[in-house]
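Undergrad: this one's structure only:
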(Lines give C-alpha, C1' and ligand atoms only; values in the text may rest on other atoms or scores of the structure.)
Protein backbone atom coordinates (compact mmCIF):
# COMPACT_ATOMS: atom_id res chain seq x y z
CA UNK A 1 0.00 0.00 0.00
CA UNK A 2 1.36 3.40 -0.94
CA UNK A 3 2.16 6.00 1.72
CA UNK A 4 -0.72 8.34 2.42
CA UNK A 5 1.25 11.33 3.67
CA UNK A 6 3.99 13.13 1.77
CA UNK A 7 7.52 13.09 3.16
CA UNK A 8 7.12 16.61 4.56
CA UNK A 9 3.81 15.65 6.26
CA UNK A 10 5.20 12.46 7.82
CA UNK A 11 7.27 14.46 10.30
CA UNK A 12 3.99 15.77 11.77
CA UNK A 13 1.90 12.60 11.50
CA UNK A 14 0.60 10.61 14.47
CA UNK A 15 -0.95 7.20 14.87
CA UNK A 16 -4.46 7.86 16.18
CA UNK A 17 -6.44 5.21 18.06
CA UNK A 18 -10.10 4.78 17.11
CA UNK A 19 -11.21 6.01 20.54
CA UNK A 20 -8.96 9.10 20.66
CA UNK A 21 -10.61 12.54 20.94
CA UNK A 22 -9.04 13.53 17.61
CA UNK A 23 -11.13 10.96 15.70
CA UNK A 24 -14.22 13.07 16.44
CA UNK A 25 -12.63 16.28 15.18
CA UNK A 26 -13.53 17.90 11.88
CA UNK A 27 -9.89 18.84 11.24
CA UNK A 28 -8.39 15.35 11.47
CA UNK A 29 -7.16 13.81 8.25
CA UNK A 30 -7.54 10.26 9.53
CA UNK A 31 -5.97 7.18 8.01
CA UNK A 32 -6.84 4.30 10.37
CA UNK A 33 -3.80 2.17 11.19
CA UNK A 34 -1.47 4.67 9.52
CA UNK A 35 -0.09 8.12 10.23
CA UNK A 36 -2.83 10.74 10.44
CA UNK A 37 -2.55 14.51 10.27
CA UNK A 38 -4.26 17.50 11.86
CA UNK A 39 -5.13 20.14 9.28
CA UNK A 40 -4.82 22.80 12.02
CA UNK A 41 -1.17 22.29 12.91
CA UNK A 42 0.21 25.29 14.77
CA UNK A 43 2.99 26.86 12.74
CA UNK A 44 3.09 23.67 10.64
CA UNK A 45 5.10 22.17 13.49
CA UNK A 46 2.94 20.85 16.31
CA UNK A 47 -0.50 19.48 16.93
CA UNK A 48 -2.81 21.94 18.73
CA UNK A 49 -3.68 19.31 21.35
CA UNK A 50 -2.14 18.15 24.60
CA UNK A 51 -0.99 14.56 24.25
CA UNK A 52 -0.65 12.28 27.28
CA UNK A 53 2.12 9.78 27.94
CA UNK A 54 -0.14 7.06 26.52
CA UNK A 55 -0.27 9.03 23.20
CA UNK A 56 -3.97 9.85 23.65
CA UNK A 57 -5.26 13.40 23.27
CA UNK A 58 -6.10 15.02 26.61
CA UNK A 59 -7.73 18.16 25.17
CA UNK A 60 -7.42 20.34 22.09
CA UNK A 61 -7.58 24.10 21.72
CA UNK A 62 -8.87 23.81 18.15
CA UNK A 63 -11.26 20.86 18.48
CA UNK A 64 -14.39 21.09 16.33
CA UNK A 65 -16.82 18.18 16.48
CA UNK A 66 -17.34 16.81 12.97
CA UNK A 67 -20.94 15.96 13.82
CA UNK A 68 -21.77 19.66 14.02
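TA: On my side now, so go ahead. Predicted, not measured: the structure shown is a model, and the values here were computed from it.
Undergrad: residues near the closest residue to residue 46 other than its chain neighbours, how many?
TA: Counting by C-beta to C-beta, 6 or more residues apart in numbering, residue 12 is the residue found nearest to residue 46 once chain neighbours are left out, at 7.8 Å. (Glycine included, C-beta is placed from N, CA and C.) By the criterion of other C-beta atoms under 10 Å, residue 12 has 16 neighbours.
Undergrad: quick one, what contacts residue 12?
TA: 37, 38, 41, 44, 45, 46, 47 (C-beta atoms under 8 Å, 6 or more residues apart in numbering).
Undergrad: narrow those residues to those in strands?
TA: Judged by DSSP state E, strands contain the following of the contacts of residue 12: 37, 38.
Undergrad: and which of the contacts of residue 12 is nearest residue 53?
TA: Among the contacts of residue 12, residue 47 lies closest to residue 53 (C-beta to C-beta), at 15.2 Å.
Undergrad: in this structure, mark out all the strands, start to finish.
TA: 14-15, 28-29, 35-38, 49-51, 57-60.
Undergrad: same for the first one, what does it pack against?
TA: If contacts are counted by 3 or more C-beta pairs under 8 Å, 6 or more residues apart in numbering; DSSP states H and E, strand 14-15 sits against strand 35-38.
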